[in-house]
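# just coords:
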């Protein structure tokens, strides 16, 4: 698949002698701190599960088909995000806005499915205090949902900014940083899905 | 083949590759669910599920996050992160060993008591 020929973005000199832009180094350090956050919670999950007398199988207690659908939604949104970046490199504003809108829409769809899933748990009187399994499930997926909401805010801001700032020399770096964050959110779900729902 | 030359400091996009990775991620998602429906014993099911997730996460990181061909400074940051993550992995192992010791402690006490009786 080829993109239409267009002028590429203006060259931006790397603002640091390391060869990596401040924005990219900053977002990677932020993602490193995020990895530590999720790692501690994931380790706690493993320790709690090892110490539990019994632990329900994911398919016995959770909605696996809906979670599978949500996995497909989030992976598709990751692809649309990287396509938005590709369009930004091509200086194709309509293409960028189209793919960014798809990414934001899919993120909302993920949250809608998650709200439905949470709602069905609450209807069955299942709360974080019900059991250790439910505490782990709501904590990990709830924190992930907060990150999805954060991604919606960042991506919506970029969509709104693109109207006036698309040609700004730093805009492409912002799109790249937002993309890195969004793909990280996708990776977290890729691990949460089998860990909580399937094994 | 890259679709466009990216400005300095930004990875060049490759739409054809993105679509191939997308297809691979979808196939691996289906595989993850199919493996779970086999209802394998936990000793097999957990490593299988996490291995497929690691491959999927690796594909996203390498190609969507452009880690493949990234600057060595980013690799250095990730190397430190990997070291810390390994420390986290050792924590459940530590808990497991402590539990084994606590399980063995009563047995060791019984052996010591028997030895004392024989004397």
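On my side now, so go ahead. Not measured: the values here are computed from a predicted model. Numbering: from 1, shown residues only, chains lettered A, B, ... in the order given.

# can the helix or strand of chain A with the lowest mean pLDDT be found next to chain B?
Ranked by mean pLDDT, DSSP states H and E, the weakest helix or strand in chain A is helix A:58-61, scoring a mean of 85. Yes. Against chain B, helix A:58-61 shows contacts by Cβ under 8 Å from any Cβ of the partner chain at A:58, A:59. In short, each C-beta sits where N, CA and C put it, glycine included.

# then stretch A:170-180?
Yes. Judged by Cβ under 8 Å from any Cβ, stretch A:170-180 and chain B are in contact via A:172, A:173, A:176, A:179, A:180.

# now do stretch A:112-131
No. With Cβ under 8 Å from any Cβ as the criterion, chain B is not reached by stretch A:112-131; the gap is at least 15.0 Å.

# now the strands for chain B?
Per DSSP state E, chain B carries no strands over any range.

# list the helices and strands the lengthiest helix in it packs on?
If you go by DSSP state H, chain B has its longest helix at helix B:72-118. Counting contacts by 3 or more Cβ pairs under 8 Å, 6 or more residues apart in numbering or on different chains; DSSP states H and E, helix B:72-118 is packed against helix A:22-51.

# and the helix or strand bottoming out on mean pLDDT in chain B with helix A:22-51, angle?
Ranked by mean pLDDT, DSSP H and E, the weakest helix or strand in chain B is helix B:72-118, scoring a mean of 76. Using axes from the mean of the first three to the mean of the last three Cα atoms, to 10 degrees, the inter-axis angle of helix B:72-118 relative to helix A:22-51 is 20 degrees.

# off-centre distance for helix B:72-118?
Its chain's C-alpha centre and that of helix B:72-118 lie 19 Å apart, by Cα atoms, centre = their mean, to the nearest Å.

# and what of stretch A:136-153?
In terms of Cα atoms, centre = their mean, the centre of stretch A:136-153 is found 9 Å from the chain centre.

# so is it next to chain B?
No. Against chain B, stretch A:136-153 shows no contacts by Cβ under 8 Å from any Cβ, the least distance being 13.9 Å.

# list the buried residues for that stretch?
A:136, A:137, A:138, A:140, A:141, A:144, A:145, A:147, A:148, A:151, A:152 (16 or more other Cβ atoms under 10 Å in any protein chain shown).
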